[in-house]
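In: any chance you can model this:
(one chain, ligands or ions: 1)
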Amino acid sequence: MILYFSGTGNSKYVANYLSDKLDDEMVSLNEVIKYNQKLDFTSIKPFIFVSPIYCWRYPKIIEDLISHSNLLGSNEVYCIATMGQDSGKAGKYLKKIVQSKGMIFKGFEGLLMPDNYVFSDKMATSEEIKYIFENLMPVLEDLRYQISKNQFIKTREKTHLASLKSGLINKQFNKYLLRNKVFTISKDCIGCTQCELLCPVNNIIMKDNHPVIGSNCIYCFSCIQHCPKEAINIRGQTENNGRYVCQEYKTK
Ligand SMILES: Cc1cc2nc3c(=O)[nH]c(=O)nc-3n(C[C@H](O)[C@H](O)[C@H](O)COP(=O)(O)O)c2cc1C
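Out: Okay, the predicted model is just below:
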């Protein structure tokens, strides 16, 4: 069973590829979270989580979900991440979570995909995106092969200052940065409700045909990136960075 979380479609793309090639079912954790569904999952095949990296770890909401879910049937778990640059020591934390459930951690792989961290980074050009996908495909195919043979994936996380990034900095990110932002909605908003529909934590509610953003944001950037009018921004941060959504899942 492939359980994926995705803000801008990269992780969904990987989940879909693995689902197709491994003939395995796919579960959207966006929907599980949004609709407050039960965290009971049963699979004969290994569980494969696919999620973006947020500040050198899986998003906290996904780490917590893995911790609290009942994974029945198979006792094996793979953790796959998509990322713009590096995953720090994300795999180390996931291994700990999986093993604390009494399950077998089959390994972690971080896949390089277009960066969607629009808060501070410029989004890739179409040429750059093409190049990234060309490089991704053989890695993804190799990963698919290893999983199909039920092999352990070798975790290759040895990046600069990884312990600090995934430890202290990640902690500060979850504690402070997520609360410290001001969303703006420009007059270009057409009230299409796409942002409300896509927000996995129901943090956006339409009022008088206008999105009102609450204080429960997890920073997936779905609302900003998918907005057909680029009307949603984080003040002073995202206005000039362009937009990115994985081609297959563009909603506009
Ligand atoms: C809040 C946030 C934090 C991020 N932090 C990292 C990071 O620490 N390292 C990295 O390589 N990419 C980072 N990224 C980029 C995403 O992990 C990457 O673009 C991912 O493929 C997006 O997946 P999605 O399209 O499924 O949402 C971050 C993105 C967001 C939104």
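
In: quick one, longest helix in the chain?
Out: helix 126-148 (DSSP state H).

In: quick one: contacts of that helix?
Out: Helix 126-148 is contacted from outside by 14, 17-18, 21-22, 46, 48, 78, 80, 106, 109, 111-114, 124, 153, 244, 247, using CB atoms under 8 Å, 6 or more residues apart in numbering. No exception for glycine: its C-beta is placed from N, CA and C like everyone else's.

In: centre of the chain versus that helix, how much separation?
Out: 17 Å (CA atoms, centre = their mean, to the nearest Å).

In: downstream of that helix, the next helix or strand is which one?
Out: Once the chain leaves helix 126-148, the next helix or strand it forms, by DSSP states H and E, is helix 162-164.

In: touching the ligand at all, that following helix?
Out: No. Interface with the ligand: helix 162-164 contributes nothing (CB under 6 Å from any ligand atom), its closest point being 10.5 Å away.

In: give the buried residues for that helix.
Out: For helix 162-164, burial by neighbour count (16 or more other CB atoms under 10 Å) applies to A162.

In: report the buried residues of the longest helix of the chain.
Out: Buried, per 16+ other CB under 10 Å, within helix 126-148: 129, 132-133, 136, 140, 143-144, 146-147.

In: returning to that earlier point: in helices only, show me the contacts of helix 126-148.
Out: 14, 17-18, 21-22.

In: by neighbours, which of these wins?
Out: V14 (28 neighbours; other CB atoms under 10 Å).

In: what stretches of the protein score poorly on pLDDT?
Out: Low-confidence segments of the chain, defined by pLDDT under 70, are located at 157-158, 178, 180, 251-252.

In: run the last query once more with 90
Out: Scanning the chain with the threshold set as pLDDT under 90 gives 154-160, 175-182, 215, 236, 248-252.

In: and the stretch 51-200 of the chain, which residues reach the ligand?
Out: Counting by CB under 6 Å from any ligand atom, the stretch 51-200 of the chain sits next to the ligand at 52-56, 82-86, 113-117.

In: correct me, but P46 touches S74?
Out: Yes. Counting by CB atoms under 8 Å, P46 touches S74, with 5.1 Å between them.

In: between these two, who's got more neighbours?
Out: A direct count of neighbours by other CB under 10 Å for P46 and S74 places P46 higher, at 21 against 18.

In: identify the residues contacting E109.
Out: Neighbouring residues of E109 by CB under 8 Å, 6+ apart: 78-81, 143, 153, 155.

In: farthest pair within those?
Out: L143 and T155 (12.4 Å; CB to CB).

In: ok, now how distant is S28 from the ligand?
Out: Going from S28 to the ligand by CB to the nearest ligand atom, to the nearest Å gives 11 Å.
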